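1. sequence and predicted structure are below.
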Amino acid sequence: MRKIYIFDTTLRDGEQSPGVNLNTKEKVEIGLQLEKLGVDRIEAGFPAASPGDLAAVDAVARAVKNATIIGLARSREQDIDAVREALKGAQDPCIHLFLATSPIHRKHKLRMEKEQVLEAAERAIRYAKKYFSKIEFSPEDAGRTELDFLCQVTDMAIRAGATVVNIPDTVGYMTPHEFGNIFKTLKENVPNIETIQLSAHCHDDLGMATANALSAILNGADQVEGTINGIGERAGNTAIEEIALTLATRPDLFGAQTTLNLKEIAKTSRLVSKLTGMVVPGNKAIVGANAFAHESGIHQDGMLKEKTTYEIISPDTIGLKESKLVLGKHSGRHAFREKLIDLGYELEDEAVNIAFAKFKDLADKKKHVMDEDIRAMLEEKLIDTPEVFTLETIQVNYGNKSVPSASVRLRSAEGAILEEVAVGNGSVDALYNAIDKVTGESVELEDYSIKSVSQGKDALGEVHVVLKQDGISAQGRGLSTDILEASARGYIDALNRLIEKRKQPGRRDSMSLI
């Protein structure tokens, strides 16, 4: 069957999701997991956006060995030079150039005529060709570009040296029939189109990103660009897991496949959700919590008789297991280690000991420790955040007829014990006021959300916090069976990250890109 290349832009377009800001270590961690997933091409970032983003792209390029690493650039020499610098350690580098081509972008954003757009794009591609053997060019907002002009642009890109021409539906405006027709038209009218790959990059503003990308495949696209869990600008991008499973489930219709390791999909989805703080909706296709859940009595009856009556994909396909081995406070180290291996975690002895001690603490608070609890506990533990402040104890006093108050004890990086008491409009507000007092930091709480990691009244709660200070944002996570403790941990985690980011060179906000 025909191979469809997967271009993952979780680290670039996905990071442009409001409230998401990955540090270098988190980008590398996701990049290495994408490598395990078998992604062909990884867009690691936009190096010209800031020194920090350039350094992060460089780190991903040096860590990932089995995928093409890509840096995004506007059609400007300084952007191209930034990508050169960021990818000098990559084994297989590629540059992704873009320039808008639609009438609305030409008139209002670029203030350029068609001829000027063609000249600027050609000049950039030829300049990049001096340094890169692999060049992808994207006519931004291709979906709203005149078809005859899009054919001109594609012809120019091929002659100038592009190896991939990407067709972005930048604003999620297209329908499947329209978007597929673009590829059909290019295939039929552009000379030497067979010498390059055509790529599809779809946004989900009208909820058709996956459908549009599949239509592109039916009409000759060689590559699909997307993100894990479909995150990205505004309503997000094509969800890579949806493309991969659709092709795997319907070979009769598409006659095409990816070479992804499908069993890594669930783990990759969890990692991206954890590090970005973007919760996967329960009804999300493929990776949502309810994707393999059946509540209806009729559905349950059918499933018991024959799974394929209501389940077109096996959970095992994406690395999930139907059975749940329940661990508790009487479980031993051997059983715990086996469970870690079963869940896909292979840790050194010291790391296992640390995780086991944390597991025992959790088991004393919960009757049953579920797989989701262990994953959340491990992933929280494995994320390395500079600990400027560490939570020691909290004490909250609340009554519906009294003013809530909270006392907090923290330990500084130097080992000093710091304590403060504060009141607030509620228990969490009082906690956060006390933390502000004890740390001496003045921050704005941009986002606060709670979700249950597992099931039951004693479920682990995970709190996601986003703090802002002087134009710098940072997110944090806290995990506990007590939601107030989780709230405090999440706030301190975000605060530590914020303090760490203040020490780094300034980061310019990247524009809304393709």
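-> Cool, got the structure.
2. roughly how far apart are Glu350 and Ala357?
-> Separation of Glu350 from Ala357 (CB to CB, to the nearest Å) stands at 11 Å. Any C-beta I mention is one placed from the backbone N, CA and C, and that applies to glycine too.
3. residue ranges of the helices in the stretch 51-200 of the chain, please?
-> Using DSSP state H, counting those that start in this stretch, the helices of the stretch 51-200 of the chain run over residues 51-63, 77-86, 103-105, 114-129, 147-160, 176-189.
4. closest one to Gly344 among these?
-> Among the helices of the stretch 51-200 of the chain, helix 51-63 comes nearest to Gly344, with 19.0 Å by CB to CB.
5. give me the beta-bridge partners of Arg2?
-> With DSSP bridges as the criterion, Arg2 is bridged to Ala256.
6. run a quick neighbour tally on it.
-> Burial of Arg2 is recorded as 11 neighbouring residues (other CB atoms under 10 Å).
7. just to revisit the earlier point, pipe the helices of the stretch 51-200 of the chain into JSON lines and attach mean pLDDT and distance to Ser331 per row.
-> Formatted as JSON lines, those follow (pLDDT from 0 to 100; distance: least, CB to CB, whole Å):
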{"stretch": "helix 51-63", "mean pLDDT": "96", "distance to Ser331": "34"}
{"stretch": "helix 77-86", "mean pLDDT": "98", "distance to Ser331": "46"}
{"stretch": "helix 103-105", "mean pLDDT": "97", "distance to Ser331": "59"}
{"stretch": "helix 114-129", "mean pLDDT": "98", "distance to Ser331": "56"}
{"stretch": "helix 147-160", "mean pLDDT": "98", "distance to Ser331": "59"}
{"stretch": "helix 176-189", "mean pLDDT": "98", "distance to Ser331": "50"}
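8. among these, which is the most enclosed?
-> helix 51-63 (a mean of 22; mean count of other CB atoms under 10 Å).
9. starting at the chain centroid, how far to that helix?
-> Offset of helix 51-63 from its chain centre (CA atoms, centre = their mean, to the nearest Å): 16 Å.
10. what segments of the stretch 201-350 of the chain are strands?
-> Using DSSP state E, counting those that start in this stretch, the strands found in the stretch 201-350 of the chain span residues 223-226, 256-257.
11. okay, the ones you listed, which one's buried deepest?
-> Mean neighbour count (mean count of other CB under 10 Å) peaks for strand 223-226 among those, with a mean of 28.
12. what's the closest of the strands of the stretch 201-350 of the chain to Lys284?
-> strand 223-226 (13.8 Å).
13. show me what that closest one is packed up against.
-> Packing partners of strand 223-226 (3 or more CB pairs under 8 Å, 6 or more residues apart in numbering; DSSP states H and E): strand 5-8, strand 164-169, strand 197-202, helix 209-218, helix 240-249.
14. and the second one, how far out from the chain's middle?
-> Going by CA atoms, centre = their mean, the spacing between the C-alpha centre of strand 164-169 and its chain's C-alpha centre is 21 Å.
15. ok, that strand: who's next to it in the sheet?
-> strand 135-140 (parallel), strand 197-202 (parallel).
16. for Leu340, find the nearest of those.
-> If we rank these by CB to CB, the stretch that ends up nearest is strand 197-202, at 37.5 Å.
17. tilt between the closest one and helix 240-249?
-> Going by axes from the mean of the first three to the mean of the last three CA atoms, to 10 degrees, strand 197-202 is angled at 120 degrees with respect to helix 240-249.
18. could you say which helix or strand holds the residue lying farthest from the centre of the chain?
-> Relative to the centre of the chain, and counting by CA atoms, centre = their mean, the farthest-placed residue is Lys401 at 43.6 Å. Secondary structure assignment for Lys401, by DSSP states H and E: no helix or strand.
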